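In: Mind looking at a prediction? Sequence and model below.
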2 protein chains.
Amino acid sequence: MERRWVEPYCETRRLHFLIAWARVLYVQAKKHPHDPPVVAVVDDDASVRAGLSNLLRSVGYEVRGYGSSQAFLASDETHLFNCLILDVRMPVEGGFDLQHQLANLRIQVPIIFITGHADVPMSVRAMKGGAIDFLSKPFRDQDLLEAVAAGVKTDLGRRESVLDTTEKARRLAGLTAREREVMMMATAGKMNKQIAFELGLSEITVKIHRGKVMRKLQTRTFADLVRLAEEFRLHKPM
Amino acid sequence: MERRWVEPYCETRRLHFLIAWARVLYVQAKKHPHDPPVVAVVDDDASVRAGLSNLLRSVGYEVRGYGSSQAFLASDETHLFNCLILDVRMPVEGGFDLQHQLANLRIQVPIIFITGHADVPMSVRAMKGGAIDFLSKPFRDQDLLEAVAAGVKTDLGRRESVLDTTEKARRLAGLTAREREVMMMATAGKMNKQIAFELGLSEITVKIHRGKVMRKLQTRTFADLVRLAEEFRLHKPM
DNA sequence: CAGGACACCATACCAAGGTATGATCATTCC
DNA sequence: GGAATGATCATACCTTGGTATGGTGTCCTG
């Protein structure tokens, strides 16, 4: 179920959250346009981290190792990674916990689970949780590399689409409350006359707001505006 | 990558395919509005089919058993089921083959795999292929029932959204080629003047087509029309 | 061959959208 | 206090969209 917003104020807050979140991805994505993809390895066993790091570096990835979920989360680089290799069993906090935390934080990095003591229910749980692969040790190097390549590819695609929408989000955030209100009612299909009546304004004022919206969002036609509103699920709170 | 259509003719064919496909789901969905959900069990072992059937019937499901993938596909009821319980290992053709065939046929029934000889790679493969659960025998009855309940819920939600779009698809198919052409150009943001020029028509003719489109599609406002076009990915072939 | 569906066009008229100019008033920020 | 921003409105003017009425021509089908 989608949450419904009761006040324009909330709508504004949601937008600001969105652009703040998008900006992080934007900056990170921009920082490394054609640089090698970055892979994180979270495993409590230092020798495993070293082994995987060597393997991944040998084919051109940049690698960072973390001994625990906490260390990973504390790194402040969580948005940086194009792929995450995660041990299921670790002291204190297991891999599934980190998977859930990342999901709650809306950090959509592709996760590849590895474990030495795999069973079927465990792997099913991981995949249900959105992991893109699950490997039980010992695994072939080639299998891991293929999984990482798939994960990185997914992530790069996602970041590209984020780049697309970030600029739009920024522009949307540049609208004033009134302008956004008018925009939502207009894209809902209401006539200027109706909007003016419902907001207690004159028609000409609505027209002015509409014009400003079009200029600020750089939408040439009304159809573009509707599509933009649709993309961001901007609806009048009802 | 989305396939691009070079000729309006193809666009028309795609639409007709869409409504034909949607109608099947529509009919099936309508046939059982509040009837019990139907579950298919595909397993070569008759005793397993009997056991599962008893279990599922005891909690109110309608169940049909099939001894092989071929028997299931030949049943002509593939669109009927709200959930599919599928054995991984069967003679002639395994469960994964059926999963792929259903995916190719665009039959999106939720699949629950069961197997007596499970291993981790097998379960990961199943989940990657879109299965909603993977149970290894012996499993608790409760686990299976929960999985089936989740699958049925997913399927009912999907059918509802199909019901929504079927009527729209039917209306779209009722448009003439010219009307659809004008609609696509209009929702792309072009002015009547431009459309008229590019199609070699007079402006008034374009207006008439537009009016007919609005009436045939029962869209009250232009914004609704844009959203409809967006929903069906109707773009001018370029 | 007659009827129907479709495409096409003209004239006339009205409603809605959009812009420019110029103005008032309140709030906020330096 | 003054500048900037935003919200509000009026007048005037033009463009665009939409409908109604009435008409022509083509193609296809029963």
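Out: All right, it came through fine.
In: hey, where'd the strands end up in chain A?
Out: A:38-42, A:62-66, A:83-87, A:111-115, A:133-136 (DSSP state E).
In: Out of the ones you listed, flag the one nearest chain B.
Out: strand A:133-136 (4.8 Å; Cβ to the nearest Cβ). No exception for glycine: its C-beta is placed from N, CA and C like everyone else's.
In: Who are the contact partners of the closest residue to residue A:107 other than its chain neighbours?
Out: Closest residue to residue A:107 apart from its sequence neighbours, by Cβ to Cβ, 6 or more residues apart in numbering or on different chains: residue A:78 at 5.5 Å. The neighbourhood of residue A:78, defined by Cβ atoms under 8 Å, 6 or more residues apart in numbering or on different chains, consists of A:72, A:102, A:105, A:107, A:109.
In: buried set for the longest helix seen in chain A?
Out: The longest helix of chain A (DSSP state H) is helix A:141-173. Buried positions in helix A:141-173, judged by neighbour count with 16 or more other Cβ atoms under 10 Å in any protein chain shown: A:144, A:147-148, A:150-152, A:154-155, A:158-159, A:162, A:165-166, A:168-169, A:171-173.
In: Kindly report the same for stretch A:89-103.
Out: Neighbour-count burial for stretch A:89-103 flags A:90, A:95, A:96, A:98, A:99, A:102 (criterion: 16+ other Cβ under 10 Å).
In: ok so, going back, counting by contacts, list what the longest helix of chain A packs against.
Out: helix A:8-31, helix A:46-58, strand A:83-87, strand A:111-115, strand A:133-136, helix A:203-217, helix A:222-231 (3 or more Cβ pairs under 8 Å, 6 or more residues apart in numbering or on different chains; DSSP states H and E).
In: hang on, the earlier thing: which of the buried residues of stretch A:89-103 fall within helices?
Out: Short answer: these in helices (DSSP H) are A:95, A:96, A:98, A:99, A:102.
In: which other residues reach stretch A:141-154?
Out: A:37, A:39, A:52, A:55-56, A:59, A:61, A:82-85, A:110-112, A:114, A:132-133, A:135.
In: how about it as PDB, C-alpha atoms only?
Out: Once non-C-alpha atoms are left out, stretch A:141-154 reads as follows in PDB (Å, rounded to 0.1, in the frame of the first residue of the first chain):
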ATOM      1  CA  ASP A 141      36.400 -18.100  -9.100                       C
ATOM      2  CA  GLN A 142      34.600 -17.900 -12.500                       C
ATOM      3  CA  ASP A 143      31.200 -18.200 -10.800                       C
ATOM      4  CA  LEU A 144      32.000 -15.300  -8.500                       C
ATOM      5  CA  LEU A 145      33.300 -13.100 -11.200                       C
ATOM      6  CA  GLU A 146      30.200 -13.700 -13.300                       C
ATOM      7  CA  ALA A 147      28.000 -12.800 -10.400                       C
ATOM      8  CA  VAL A 148      29.900  -9.700  -9.700                       C
ATOM      9  CA  ALA A 149      29.800  -8.600 -13.300                       C
ATOM     10  CA  ALA A 150      26.100  -9.100 -13.400                       C
ATOM     11  CA  GLY A 151      25.700  -7.100 -10.100                       C
ATOM     12  CA  VAL A 152      27.900  -4.300 -11.400                       C
ATOM     13  CA  LYS A 153      26.000  -4.100 -14.600                       C
ATOM     14  CA  THR A 154      22.700  -3.900 -12.800                       C
END
